[in-house]
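> Fold the following for me, if possible:
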Amino acid sequence: MELDDRHVTATPEGVRLDVVLAGLGSRFQAYVLDLVLQVVAFVLFDLAEGAAVGGNSSETVQLIATGALSLFAFFDFVGYFVLCEMLWNGRSIGKRAAGIRVVRVDGGPVGFFPSLIRNVLRLVDFLPSAYVAGMLTILVTPRNQRLGDLAARTVVIRDRMAAAAAVPGQAWTSSAGFSASTGSQAFWAPGAPSGTWLPPALMHWDVSAVPAPELAMARTFLANRAGYTPEARQRLAADLANRIWPFVAGPTVPPHPEAFLEMVLQIKGARG
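Take a look at the predicted model:
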């Protein structure tokens with residue numbers, strides 16, 4: 001019996017993505033930490049502004065100071081989350097600590113506009129007080145979504161990442177980045193056996209930061225790749241490799257997409 005709320009989506013190629021939704025407790029824990037950081041930033045800005053203005057009682061100066069403080073409050077409340085979610089793949093500092101992240105309902109990265117929508121509507125979720133509206137919608141919606149999530153078509157999921165994230169290699173944003181390079185395949189061939197043994201060239205790789213949903217998709221793809229058309233197989237392999245590449249530390253030259261996915265899964269299987 002499974003007690004966790006789960007969210008299942010499928011890619012056009014038929015790969016099933018099954019993730020565990022974050023509950024109210026972990027989301028509240030993340031928000032409290034983020035709120036503390038936001039309050040600290042606001043207080044520091046207020047103190048710095050007060051020191052800069054000093055004893056100047058000019059009405060114009062006071063008006064500018066009030067406007068600047070109000071503008072900072074908005075960017076502190078909304079921009080903090082958007083910036084963090086863009087830089088850290090759907091995670092704020094609080095979400096990273098709680099082991100959760102934001103994704104689109106189709107399992108893809110949250111993106112700028114969905115992040116902006118869900119965080120601007122946080123103002124509505126905060127009503128009538130102390131986040132009551134947001135908590136109620138999380139409890140009653142089937143995918144644990146607050147109003148901002150419903151409008152932006154996002155969900156918050158549990159993220160089984162290692163506590164200390166690896167330093168990622170260079171990110172690649174197109175299949176050409178993978179297919180153009182074959183230098184890393186000298187020690188590897190697609191279909192190589194998995195097990196507890198690792199080739200020396202893979203010993204320094206760190207895959208502990210690769211999210212569980214991406215690992216599950218890679219396993220499903222590799223198990224079913226023979227059934228895809230060549231075009232779909234190539235496109236999906238490149239997409240999965242591009243998703244996983246930023247979370248892997250060690251390699252500097254990206255191998256063939258399918259070889260890369262097999263490497264990651266073999267390392268994960270050998271190290272657990």
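
> where do the strands sit along the stretch 101-250 of the chain?
Using DSSP state E, counting those that start in this stretch, the strands of the stretch 101-250 of the chain run over 154-158.

> any chance you could map the helices in it?
Along the stretch 101-250 of the chain, counting by DSSP state H, counting those that start in this stretch, helices occupy 112-120, 122-125, 132-140, 147-152, 175-179, 212-224, 230-244.

> And these, which one averages the lowest pLDDT?
Set side by side, those give their lowest mean pLDDT on helix 175-179, at a mean of 44.

> Output the below-cut-off pLDDT ranges for the stretch 51-200 of the chain.
For the stretch 51-200 of the chain, applying pLDDT under 70 flags the ranges 55-57, 128-130, 159-198.

> I'd like to know which of the helices of the stretch 101-250 of the chain is closest to Arg158.
helix 212-224 (8.4 Å; CB to CB). C-beta coordinates here come from the backbone N, C-alpha and C atoms, glycine included.

> buried residues in the closest one?
Ala212, Pro213, Glu214, Leu215, Met217, Ala218, Thr220, Phe221, Leu222 (16 or more other CB atoms under 10 Å).

> Let me see the contact set for Ala151.
Applying CB atoms under 8 Å, 6 or more residues apart in numbering to Ala151 gives the contacts Ile117, Arg118, Leu121.

> That one and Met86: what is the separation?
18 Å (CB to CB, to the nearest Å).

> neighbours around Ala209, how many?
Ala209 has 20 neighbouring residues, counting by other CB atoms under 10 Å.

> do Asn89 as well
20.

> Double-check that it belongs to a helix.
No. Asn89: not assigned to a helix; according to DSSP: H, G, I helix; E, B strand; the rest coil it is coil.

> tell me what the top helix by length along the chain is packed against?
Ordering each helix of the chain by length in residues (DSSP state H) puts helix 24-53 first. Under the contact definition 3 or more CB pairs under 8 Å, 6 or more residues apart in numbering; DSSP states H and E, helix 24-53 sits against helix 59-74, helix 80-87, helix 93-98, strand 100-104, helix 132-140.

> Same list, those, but as a markdown table with mean neighbour count and distance to Ala30 please.
Listed next are the helices and strands packed on helix 24-53 as a markdown table, based on neighbours: other CB atoms under 10 Å; distance: least, CB to CB, whole Å:
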| stretch | mean neighbour count | distance to Ala30 |
| --- | --- | --- |
| helix 59-74 | 12 | 21 |
| helix 80-87 | 19 | 10 |
| helix 93-98 | 21 | 4 |
| strand 100-104 | 23 | 6 |
| helix 132-140 | 16 | 12 |
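
> now for these, which one comes closest to Thr252?
Across those, closest to Thr252 is helix 80-87 (CB to CB), at 21.9 Å.

> ok, and what's touching that closest one?
34, 37-38, 41, 91-93, 95, 102, 110, 112, 115-116, 119, 122.
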